[in-house]
Structures are given as C-alpha cells and as structure tokens.
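Novice: only geometry, no sequence info:
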C-alpha cells in the first residue's frame, strides 16, 4: 500500500464550473477525512466518513459542496459553481478503524484548486 | 472549542543550530498530539505522534514533548539541516477522533 492517494494534484477551473476530486485511502483504514487549507493557514476540517457513512460536516461545507464514499472505499469531493474563494489545497486523510490515541492520521499529497 | 497556537510563525536559522518550535492548545483533555511537516505546495507528512500518557517521543533528530496540564508541546530539532526547511504543524484530535484542530504552523528556513 502506497499511502493516501489524491487525484488530480492540480486543477485550474473557471469560476462557475463544477470540479470533482478523488481520494483513495489506505486500504485497511475505514475512516476518511477531507480538509481545506488556504495560504498561511492550517488545514480546516470539512467532513468525515466512517466506512460509507458521512458522520460529520463542517459549517465550511456549503450547499455547493458534496462528498461521497460509495462502498466505503474511495471518496469524491465535488464543488459546484466554483467561486474564487474556493481556491485552496484540498487534503484527504485516513485513519485505522480502531482509532484512539495510538493511531494518527495519514494525509495525501492534496489537490490544489485554482479558480480563475 | 479547541484552539491551537504555534509560535513562532516563522523562523530562520543557520545550518547546525538546535531549535525549538512551540505549540499550545486551550483544551487539555486531549488524547494525543501529532506533529506534521509540510513542504511548499505539498501534503502533510506525519513526524511524531505523542499519546496523552507519554511525555516525549523521539525520531532521529526530532524530539517532541507534551505537557497536557499546561497545554503545551514542543518540537526540538537537533543539528538543523537545509533539508529541514518546511512548515511544521501541530494538531490535536477531537474527543471522537473525527476531526483534527491544527495550528497555523511554523515556517522554518535553514540556510547553508
């Protein structure tokens, strides 16, 4: 297993277009997270899946954002009608099923979105 | 609501210096604390995970300490190298491990 994979690495889109990002977690990890990071800031939590169930969503996740994790494997994050304020690095992370204090999070390389 | 603060925001040192990065958190009821490294335009690489029952964790030239009662953690980097130049982030999980709260990071530049 090569870790958490995210695709694409970079995406440039025009304002108003829809974009979709993909995340493939570590295979034995059942927890998957999406974070957003803007320049000079730490990552901010967007949403969290345990298996296929989306258990928590941040207030940052407006109606234009939707995330899915069919069959509890890979996940997609879609942004509809993109705005310039959506420009950021979108990070995916996963953690093992036992969770708890003994286990940390593994992050992917991120998808950098630029809305022009 | 948990808040994480990192000081300094930026640090520039010559190669070979030992240095300390600071992280403080407002809610001391944490289960663990994780330090990450982030290179420009890249994702996060986990450096060290300290469980709440531990006081220190070491990996190579890196040593992280945790003082839950005072809400502080430090990351010590020994004999810094230009390759250590990156942003260092600390993060603590929520009680259900569903979210991580991050600091804004310390941007480190080690000059040859």
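Specialist: Thanks, I have the structure now. If you're wondering where the values come from, they're calculated on a predicted model, not measured in any experiment. Numbering: from 1, shown residues only, chains lettered A, B, ... in the order given.
Novice: for residue A:57, which non-adjacent residue is spatially closest?
Specialist: What sits nearest to residue A:57 in space, not counting adjacent residues and going by Cβ to Cβ, 6 or more residues apart in numbering or on different chains, is residue A:47, at 4.8 Å. (Each C-beta comes from the backbone N, C-alpha and C, glycine too.)
Novice: count the neighbours of the residue in chain A positioned nearest to chain B for me.
Specialist: In chain A, no residue comes nearer to chain B than residue A:42, which is 3.1 Å away by Cβ to the nearest Cβ. Taking other Cβ atoms under 10 Å in any protein chain shown as the neighbour definition, residue A:42 ends up with a count of 22.
Novice: does it touch residue B:89 like I think?
Specialist: Yes - counting by Cβ atoms under 8 Å, residue B:89 is a contact partner of residue A:42 at 5.7 Å.
Novice: any idea how far the residue of chain A closest to chain B is from residue B:49?
Specialist: 17 Å (Cβ to Cβ, to the nearest Å).
Novice: ok, residue B:90 - how many residues close by?
Specialist: Neighbourhood size, residue B:90 [other Cβ under 10 Å]: 30.
Novice: close enough to count as contact, the residue nearest to residue A:57 and residue A:35?
Specialist: No - when contacts are counted by Cβ under 8 Å, residue A:47 is not listed as touching residue A:35 (9.1 Å).
Novice: in contact with residue B:111, which residues?
Specialist: Neighbour list for residue B:111: B:12, B:13, B:14, B:15, B:82 [criterion: Cβ atoms under 8 Å, 6 or more residues apart in numbering or on different chains].
Novice: sec struct for the residue nearest to residue B:104 when sequence neighbours are not counted, please.
Specialist: On the basis of Cβ to Cβ, 6+ apart, the spatially nearest residue to residue B:104 that is not a chain neighbour turns out to be residue A:42, at 5.0 Å. Here residue A:42 is recorded as coil under DSSP: H, G, I helix; E, B strand; the rest coil.
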